[in-house]
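*Asks:* make a model of this:
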Amino acid sequence: MNIRILFTNTQRPIRIWLMLLLAVVLVGSCQKDSNDPNPTTQSTIKQIASDEQGGVLTLDGSSLIIPPNAIPELANGNAATVSFTIEKGGALPKALPSNMKLVGQTTNFGPEGFIFQDPLWVLFTLPDGTAPDQVCVIGFNTERNEYGVFPITYYDEDKAEVGAAVYELGYYMLANVSEINRTRAPFGAGGFRLRTNNNNGWYPSSANVGSWFGADCYNKLIITDFTPTYPEEMDLWTPFDPNATNGRRYWEVMTPPKVTGWGPNHNAGLTFMGPQGTYTAQLIVSHKSSQLALPECRQYSLPLTFTINDVVTCSSATLCAGWSQGPNLPAGGSYMDINCLEYKPLATVPVCTGDFQATLTWFNGSGSYGDTDLDLHLYGPDNMHVYWSNQSASSGSITLDRDMIDETGWVQENICAPSLAGMPKGNYEIKVNLFDGEDKDFQVRLIKGTQSQSFSGRVTNTAPEKTIFTFTLQ
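*Replies:* Numbers count the residues shown, from 1 in each chain. So this is what the prediction gives:
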């Protein structure tokens, strides 16, 4: 059991004395539980910087689109680089409930537990013979330890793709949900589509937007109120809470981006497939004067309302019926300048990255100092030990770039090295230790060169340490 002596805040001394007292009682009783990582059959990695014009990863029918300006800068204002991953074929973090049947492979989009300052897009190619009304996009909510259905906010008939816009990554997959899919009445998902050839008189031009050229603008509907037609089905959907700061709880309908660069995909347009009911939304329009400029945002002064009152049914991947009309732009409103971050959750400051990266993430409750303090440890050749008390090794080439202690919400610890060639040759171990607090579920993503693997586990006060990965560099 490791006892800290490094004080980084005013609460540290109290916690240290408590841990010392516990050490006296439990000396010699700390157990180590070594587990093999979850199997992963495929993975892909791409590093993208915050000052680049976005990017895309694709792996066997799953894609991740990172729009420009989605990655936050570092705390000092410099550009940040994030390693994005898709892993397929690994174990689920929790067994699916009996009413959800996986369509395709388990898919984990990384980095987990990071909240971005603009939504990313998780996309899935529909399997042959599968129509959009046969599947849902489901995601695993680590905080709630449950799966939920996300509204489909991306539909491209030409590519037979569906997906959702999300502020944080993790496990997102296609599944058949018995109460929603192929249910003709009264339940089932409904929706609307607004595109260039069916725009309700305002999309994509956003009438009266002013000096901006409408075709260059993104349109976003922030859902601020929702009354479901069938409240009994809402436990299937991921929670809707317009006041939450957690990215998963935002339901947003927005124009998807083109693959790279600042440019909206009006052919895909605004799509929403979700529970039937009456919605109220705020319209935000964003624009750039040039590729390298920061976005500007304007908000329409009047709320938009719309009702979804039918079930969308599809005879193929490209032919669906039952769409509701969708929102109209109410007359008498005007556009006003706003801060583009006004309706967005607080973004995560990126961590260091490189050819080697081990990232520990977990969700902290709102206790006095956060409910749990976990620690990431790297052991290596020649008695190497990188952790909170020794934050670098091998002349600084291997670094722990943050030690999270009492933060709430999503928190991370991260160890990285710019190059595998610069790391000493030999055997390595990555461990997670419960330093203080409650029993806790966690995730660790390991990047080594072109390979990525993720592990979901749990540490407890009776089994506070787990060996997550072992590997050898030759």
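*Asks:* domain ranges for this structure?
*Replies:* Domain segmentation of the chain under automatic domain parsing yields 12-30+351-473, 51-338.
*Asks:* can I get these in a markdown table including distance to Lys344 and mean neighbour count?
*Replies:* Quick note: C-beta positions are derived from backbone N, CA and C, even for glycine. Shown next, in a markdown table, are these (distance: least, C-beta to C-beta, whole Å; neighbours: other C-beta atoms under 10 Å):
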| stretch | distance to Lys344 | mean neighbour count |
| --- | --- | --- |
| domain 12-30+351-473 | 15 | 18 |
| domain 51-338 | 6 | 19 |
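*Asks:* mean pLDDT lowest for which of those?
*Replies:* Per-stretch mean pLDDT for the domains of the chain is lowest at domain 12-30+351-473 (a mean of 83).
*Asks:* give me the nearest residue to Trp410, chain neighbours excluded.
*Replies:* If the residues on either side of it in the chain are set aside, Trp410 comes closest to Gly113, at 4.4 Å by C-beta to C-beta, 6 or more residues apart in numbering.
*Asks:* tell me the contacts of that neighbour?
*Replies:* Neighbouring residues of Gly113 by C-beta atoms under 8 Å, 6 or more residues apart in numbering: 142, 168, 170, 348, 361-363, 410-412, 443.
*Asks:* over to Trp323?
*Replies:* 190-193, 310, 312.
*Asks:* just the ones of these in strands?
*Replies:* In this view, the contacts of Trp323 that belong to strands under DSSP state E are 190-193.
*Asks:* would you confirm that Pro239 contacts Gly148?
*Replies:* Yes. The criterion here is C-beta atoms under 8 Å, and Pro239 meets it with Gly148 at 7.0 Å.
*Asks:* joint contacts of these two?
*Replies:* With C-beta under 8 Å, 6+ apart as the test, Pro239 and Gly148 both reach Asn141.
*Asks:* pipe the domains of the chain into TSV and attach distance to Ile45 per row.
*Replies:* Below are the domains of the chain laid out as TSV (distance: least, C-beta to C-beta, whole Å):
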stretch	distance to Ile45
domain 12-30+351-473	5
domain 51-338	5
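*Asks:* give me the phi and psi for Ala421.
*Replies:* phi -60, psi -30 (degrees, to the nearest 10).
*Asks:* helices along this protein, start to end?
*Replies:* Counting by DSSP state H, the chain has helices at residues 12-26.
*Asks:* of all the contacts of Trp323, which two lie farthest apart?
*Replies:* Of all pairs drawn from those, the greatest distance, 13.1 Å, lies between Arg193 and Asp310 (C-beta to C-beta).
*Asks:* bridging residues for Glu296?
*Replies:* His287 (DSSP bridges).
*Asks:* that one and Cys340 touch, don't they?
*Replies:* Yes. Proximity of Glu296 to Cys340 meets the contact threshold set by C-beta under 8 Å, at 7.2 Å.
*Asks:* overlap in contacts, these two.
*Replies:* Here Glu296 and Cys340 have Ser286 as joint contacts, going by C-beta under 8 Å, 6+ apart.
*Asks:* rebuild the contacts of Gly113 as JSON lines, extending it with distance to Pro464.
*Replies:* JSON lines is the format used below for the contacts of Gly113 (distance: C-beta to C-beta, whole Å):
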{"residue": "Thr142", "distance to Pro464": "20"}
{"residue": "Glu168", "distance to Pro464": "27"}
{"residue": "Gly170", "distance to Pro464": "25"}
{"residue": "Thr348", "distance to Pro464": "26"}
{"residue": "Thr361", "distance to Pro464": "18"}
{"residue": "Trp362", "distance to Pro464": "14"}
{"residue": "Phe363", "distance to Pro464": "18"}
{"residue": "Trp410", "distance to Pro464": "21"}
{"residue": "Val411", "distance to Pro464": "17"}
{"residue": "Gln412", "distance to Pro464": "19"}
{"residue": "Gln443", "distance to Pro464": "17"}
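*Asks:* filter those down to the ones in strands?
*Replies:* Using DSSP E, the contacts of Gly113 in strands are 168, 361-363, 410-412, 443.
*Asks:* closest to Pro303 among these?
*Replies:* Among the ones in strands among the contacts of Gly113, and counting by C-beta to C-beta, the member closest to Pro303 is Glu168, at 26.4 Å.
*Asks:* just the C-alphas of stretch 171-187, formatted as PDB.
*Replies:* Extracted in PDB, the C-alpha atoms of stretch 171-187 (Å, rounded to 0.1, in the frame of the first residue of the first chain):
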ATOM      1  CA  TYR A 171     -19.000   2.600 -25.800                       C
ATOM      2  CA  TYR A 172     -21.400   3.400 -28.600                       C
ATOM      3  CA  MET A 173     -23.000   0.600 -30.700                       C
ATOM      4  CA  LEU A 174     -25.900  -0.300 -32.900                       C
ATOM      5  CA  ALA A 175     -28.500  -2.500 -31.200                       C
ATOM      6  CA  ASN A 176     -32.000  -3.700 -31.800                       C
ATOM      7  CA  VAL A 177     -34.100  -2.500 -28.900                       C
ATOM      8  CA  SER A 178     -37.300  -4.500 -28.700                       C
ATOM      9  CA  GLU A 179     -39.600  -1.800 -27.400                       C
ATOM     10  CA  ILE A 180     -38.500   0.700 -30.100                       C
ATOM     11  CA  ASN A 181     -37.400  -1.000 -33.200                       C
ATOM     12  CA  ARG A 182     -40.000  -2.300 -35.700                       C
ATOM     13  CA  THR A 183     -42.800  -1.200 -33.400                       C
ATOM     14  CA  ARG A 184     -45.500   0.300 -35.500                       C
ATOM     15  CA  ALA A 185     -47.800   1.700 -32.900                       C
ATOM     16  CA  PRO A 186     -48.200   3.400 -30.500                       C
ATOM     17  CA  PHE A 187     -44.600   3.300 -29.400                       C
END
